[in-house]
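Engineer: sequence first, predicted model second:
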Amino acid sequence: MTDPTPFLSLESSAFQGLSLNEGEAIRAVFRPDLDERLHYATGLLVLTSERLYIQHADANWGHITLVPELSLRQSEYAGLGELCVLEAGRPLARFQHTLSEARAAASFVDAFEALELFGINRVRARPEAPPDEMPEAASSVRMPLLRLLAFAR
């Protein structure tokens, strides 16, 4: 698999304090633009070949080690998007974003699903949405304007 993000390097000031293992490579970056209170704030998620790094509000880094049970779920409702990190279906972390970041969130999920881990292809179906959420067709972040037009009719 070729590195989809050759332009990313640790020399960037955005990655200050991030320390990768030898051989660990950055695969994708996502910058959620809302905090947990839904206020505008910058965040940073870095997907590598081994971990998912999360930059906290105090600029310190945390990480989640990539294991086969780990998955990402992207959803959108009422103009707000959410990227949820799940382990065996249990939420570990949630990141909110506006629709302007929806395409970047989808690309991040695609990069995550394309990772090869433990010699097996990581590509799989996205987890089912919980019953209290809108169905995938109605919550599509790839064409939110079409969904809004459907409401206008």
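Structural biologist: All right, it came through fine.
Engineer: can you give me the helices for the protein?
Structural biologist: Along the chain, counting by DSSP state H, helices occupy 102-114, 144-152.
Engineer: which other helices and strands contact the first one?
Structural biologist: So the one you mean is helix 102-114. When contacts are defined as 3 or more Cβ pairs under 8 Å, 6 or more residues apart in numbering; DSSP states H and E, helix 102-114 sits against strand 26-30, strand 44-48, strand 70-77, strand 80-87. Yep, even glycine has a C-beta here, placed from its N, CA and C like the rest.
Engineer: right, and those strands - which one's nearest residue 17?
Structural biologist: Between residue 17 and those, the shortest separation by Cβ to Cβ is 10.7 Å, and it involves strand 44-48.
Engineer: which residues are in contact with that closest one?
Structural biologist: Judged by Cβ atoms under 8 Å, 6 or more residues apart in numbering, the contacts made with strand 44-48 from elsewhere in the structure are 14-15, 18, 20, 24-32, 52-55, 83, 95, 108, 111-112, 115.
Engineer: buried among those? Need that as a selection in ChimeraX.
Structural biologist: The following ChimeraX command selects only the buried members of the contacts of strand 44-48, with burial defined by 16 or more other Cβ atoms under 10 Å:
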select :15,18,20,26,27,28,29,30,31,32,52,53,54,55,83,95,108,111,112,115
